[in-house]
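**Student:** Structure for this input, please:
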Amino acid sequence: MSEGYFDYAASAPPFAEALARQQEVAAKLFASPSSTHGGGRRAKEILDGARKDILRLLGCPDATLVLTSGATEANNLVIRSAMDADGRLLLAADVHPSAGYARDRWPKRVDDLPVGPDGRLREMKPGPKTALVSVLHGNNETGVVHALKDPGVPLHVDATQTAGHLPLDVPFTYLTFSAHKFGGPRGVGGVVVRKAALAPQIEGGGQERGARGGTENVAGLAAAAVALEASLRMRDAETARLRGLARQLQAELSGVASLVANSDPETGLPGLVSVSLPDLPGETVVQEMDLRGFAISAGAACGSGRMEPSRVILAMGRSKALALGTLRVSMGRLTTEASMNAMAAALKDVVKKLRDLK
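**Tutor:** Below is the predicted model of the structure:
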């Protein structure tokens, strides 16, 4: 499947060494790390070691890591925790739905942080009652990487797309991530916390210093640490290679009539190309590409299957037609130049075929 897989922004293939570590720990250290017997103590040693490794690899060894089932839960934990207090949330216009849900949940307490026509955040201006600012580091749909500054109030940075792929030289109070984006297992993620507290949303067991109840996924976290190290080891070389592939792909697609580019291969997420077609539904193109053995996405993967305009593209001031016709191609470590060229040829052919049928 790797030759036809162009949806790395949704989920990356796991590293073999991470899977091996997960299987080893799951088979041998299956005791609960909360138990005080020998098996429990050994499991806790592995858990604590993996926790320290991840914090070190993320460049914040003095922070605290609260484990979750992934970035969606992590984002919910941070935002719900902040909104338990009587404050306001300054929410970036391009956030993932796992943060964007706050607009519907607390409509009178959420302020909008807009993006410009290039998809980049405008200046953060927290109000006197702002309890939290929530932003993405790298946008999962357009690939825009935001330059972030300390807003002077607690800052939540969703680093789901950048952890393991780009340097995390950003200020944050809370930083969230998901292991399957950098070649770890699914169902593993967390919140990195600096000098702040979280109000638990899952209670009962007292794990994670009371911030998140439930027996920890020891094997998953151990595998995540292995995957993060492997991803960082190849990060610089892969960034250069993937930017080159994205540059080639965008140039190849530039000849398609009426196509609008939403991404910048030079500064965006490595290997991500986002384009919009004003006259074709993105989902229809995705389905046709799937029949040809290529996996791409219509906008954000979480919106897949719903014929709704991309909220991120709309936030950039683009038309509804362009938002409905948005496609995302995201490449990764197993993508080759040959496979990219084959996908590009197929995509151009699909667009021509669908336009001829209209």
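**Student:** contacting residues for residue 163?
**Tutor:** By CB atoms under 8 Å, 6 or more residues apart in numbering, the contact set of residue 163 is 58, 175, 177, 181-182, 228. The way it works is simple: take the backbone N, C-alpha and C, and place the C-beta from them, glycine included.
**Student:** Contacts only, for residue 331.
**Tutor:** Shown in contact with residue 331 (CB under 8 Å, 6+ apart): 6, 8, 242, 245-246, 249, 271-272, 340.
**Student:** Which ones among the residues you listed map onto helices?
**Tutor:** Counting by DSSP state H, the contacts of residue 331 place 242, 245-246, 249, 340 in helices.
**Student:** okay, those in a markdown table with distance to residue 127, pLDDT and neighbour count next?
**Tutor:** Formatted as a markdown table, the ones in helices among the contacts of residue 331 follow (distance: CB to CB, whole Å; pLDDT from 0 to 100; neighbours: other CB atoms under 10 Å):
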| residue | distance to residue 127 | pLDDT | neighbour count |
| --- | --- | --- | --- |
| 242 | 39 | 98 | 23 |
| 245 | 43 | 98 | 22 |
| 246 | 38 | 98 | 25 |
| 249 | 42 | 98 | 25 |
| 340 | 45 | 98 | 22 |
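**Student:** any chance of the residues you listed in TSV, with distance to residue 64 too?
**Tutor:** As requested, the ones in helices among the contacts of residue 331 are arranged in TSV below (distance: CB to CB, whole Å):
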residue	distance to residue 64
242	32
245	37
246	35
249	40
340	40
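**Student:** Can you tell me which of these is nearest residue 48?
**Tutor:** Proximity of the ones in helices among the contacts of residue 331 to residue 48 (CB to CB) peaks at residue 242, which lies at 33.9 Å.
**Student:** my guess is that closest one meets residue 268, correct?
**Tutor:** No. With contact defined as CB atoms under 8 Å, residue 242 does not count as touching residue 268 (10.3 Å).
**Student:** now the helix or strand where residue 356 lies: how far from the chain's centre is it?
**Tutor:** Element membership for residue 356 (DSSP states H and E) is helix 337-357. From the chain centre to the centre of helix 337-357 is a distance of 27 Å (CA atoms, centre = their mean, to the nearest Å).
**Student:** Which neighbouring elements make contact with it?
**Tutor:** Applying 3 or more CB pairs under 8 Å, 6 or more residues apart in numbering; DSSP states H and E, one finds that helix 337-357 makes contact with helix 235-253, helix 282-291, strand 326-330.
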